[in-house]
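>>> Would you be able to build a 3D model of this:
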Amino acid sequence: MPELPEVETVRRGLSRFVTGREVRRVEVRTARSVRRHPGGPADLAGRLAGRQVVAVERRGKYLWLVLDDEAALVAHLGMSGQLVLPAPAASPSPHLRVVVEFADGARPLHFVDQRTFGGLLVDELTPPGTGHRRVPLVLRHLAPDPLEEAFDPQETARRLRRRRSGVKRALLDQTLVSGIGNIYADEALWRARLHYARATDTLRPVVVRGLLQAVDEVLREAVAAGGTSFDALYVDVNGQSGWFSRSLHAYGQEGLPCPRCGRPIRREPFMNRSSYRCPRCQPQPHAPRW
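Purely as a prediction, here's the structure:
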């Protein structure tokens, strides 16, 4: 599933192209792709027609097009969703679900989703003047992500240490810190030399600060590399893959030597997924609690 760096890469590409443009019409080809919009396909298309895109913003793994009527087109990419701007001569993807056409005849915006786990919806923004960043109402529960100005590392560290949880489980909790998924949690834990099952309430403040610094570093490096692509399911708005996969130290590196100590990286089951760690640099807790 695309995580913060991949969604931020898409956001930047969209922002350069669609900001200031007026939507002419919207064609919903697959109703499932707008299933989270309460009014259904016709209502979503009607809400967007004639609206101007003011900005493209993101929190965690979600992005949205801010419209000129205090609403937003919210996108969640799910497992395989893509927001792409196809070249004029390109053939449409067989997995094209929604088409957004612009009044000036510019390249349309295509929502492509092979597995249809992602989706689009139109939602109102939170009220102005509350002292918080305005986000779509449906995203109010998400905590700020590490690349936002609103992110408070000290408060996040305090909240993380108050959890009774394994540290990786806490990092994946989008109400604590948004945008982190399996890939970047494993990479940050490798950098911080922490086992994924370390209990959060036993971590010293200096260790948590180091972990959050590692999270910040790995996310920023991944954004600079255009995100992580393992297959054609994640691409940027121009259909290009990211190359951060070349810089991974732990995730997906089972059996390869740890870049720090040379011990083979291990893959272990975790929450119906996998965790990757170095057995020497990230030793298992003596008495695991989670």
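>>> buried stuff in stretch 109-123?
The neighbour-count check on stretch 109-123 (16 or more other Cβ atoms under 10 Å) flags 109-114, 116, 118-123 as buried. Every C-beta, even on glycine, is put in place using the N, C-alpha and C of the backbone.
>>> If you could redo that for stretch 40-58, that was the one I meant.
Neighbour-count burial for stretch 40-58 [16+ other Cβ under 10 Å]: 41, 44, 45, 47, 48, 51, 52, 53, 56, 57, 58.
>>> One more: stretch 219-226?
Using 16+ other Cβ under 10 Å as the test for burial, stretch 219-226 gives 219, 222, 223, 225, 226.
>>> Among the buried residues of stretch 40-58, which one lies nearest to residue 171?
Nearest to residue 171, judged by Cβ to Cβ, of the buried residues of stretch 40-58 is residue 58 at 18.5 Å.
>>> Run through the residues that contact that closest one.
Residue 58 sits next to 4, 7, 8, 11, 64 when contact means Cβ atoms under 8 Å, 6 or more residues apart in numbering.
>>> and those, which of them are in helices?
Among those, DSSP state H puts 4, 7, 8, 11 in helices.
>>> Is it possible to mark the buried ones in these?
For the ones in helices among the contacts of residue 58, buried by 16+ other Cβ under 10 Å: 4, 7, 8, 11.
>>> Please identify which of those residues is nearest to residue 95.
Once Cβ to Cβ is applied, the member of these that ends up nearest residue 95 is residue 7, at 18.7 Å.
>>> low pLDDT regions in the stretch 1-150 of the chain?
For the stretch 1-150 of the chain, residues meeting the criterion pLDDT under 70 lie at 130-131.
>>> Extract the C-alpha trace of stretch 54-70 and format it as CSV.
What follows is stretch 54-70, C-alpha atoms only, in CSV (Å, rounded to 0.1, in the frame of the first residue of the first chain):
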residue,chain,number,x,y,z
VAL,A,54,-7.3,25.7,-5.3
ALA,A,55,-4.6,23.4,-4.0
VAL,A,56,-3.5,19.8,-3.5
GLU,A,57,-2.8,18.7,0.0
ARG,A,58,-2.0,15.6,2.0
ARG,A,59,-2.0,14.1,5.4
GLY,A,60,-0.4,10.7,5.9
LYS,A,61,-1.6,8.3,3.2
TYR,A,62,-4.5,10.5,2.0
LEU,A,63,-4.5,13.4,-0.4
TRP,A,64,-7.2,15.8,-1.5
LEU,A,65,-7.9,18.5,-4.1
VAL,A,66,-9.1,21.6,-2.3
LEU,A,67,-12.0,23.2,-4.3
ASP,A,68,-13.2,26.7,-4.4
ASP,A,69,-16.4,26.0,-2.5
GLU,A,70,-14.9,24.9,0.8
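>>> Reduced to three states, what does the closest residue to residue 153 other than its chain neighbours come out as?
Nearest non-adjacent residue to residue 153, counting by Cβ to Cβ, 6 or more residues apart in numbering: residue 212, 5.0 Å away. What DSSP: H, G, I helix; E, B strand; the rest coil gives for residue 212 is helix.
>>> would you list every one of the strands in the stretch 51-200 of the chain?
All strands of the stretch 51-200 of the chain, identified by DSSP state E, counting those that start in this stretch, fall at 53-59, 62-67, 71-76, 81-84, 96-102, 109-113, 119-124.
>>> which helices and strands sit right next to the third one?
Applying 3 or more Cβ pairs under 8 Å, 6 or more residues apart in numbering; DSSP states H and E, one finds that strand 71-76 makes contact with strand 62-67, strand 119-124.
>>> next one: the last one to chain centre, how far?
Between the mean C-alpha point of strand 119-124 and the mean C-alpha point of its chain there is a distance of 17 Å (Cα atoms, centre = their mean, to the nearest Å).
>>> just checking, what packs against that strand?
helix 40-48, strand 71-76.
>>> Tabulate the ones you listed (CSV), appending distance to residue 274.
Below are the helices and strands packed on strand 119-124 laid out as CSV (distance: least, Cβ to Cβ, whole Å):
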stretch, distance to residue 274
helix 40-48, 36
strand 71-76, 23
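>>> Figure out which of these is closest to residue 101.
Nearest of these (Cβ to Cβ): helix 40-48, 10.0 Å.
>>> related to what we said a few turns ago, enumerate every residue touching the residue nearest to residue 153.
Here residue 212 is in contact with 146, 153, 156, 157 (criterion: Cβ under 8 Å, 6+ apart).
>>> For residue 277, see how far away the residue positioned nearest the centre of the chain is.
For the chain, the residue whose C-alpha lies nearest the mean C-alpha position (Cα atoms, centre = their mean) is residue 61; its distance is 2.5 Å. Remark: distance between residue 61 and residue 277 (Cβ to Cβ, to the nearest Å) = 23 Å.
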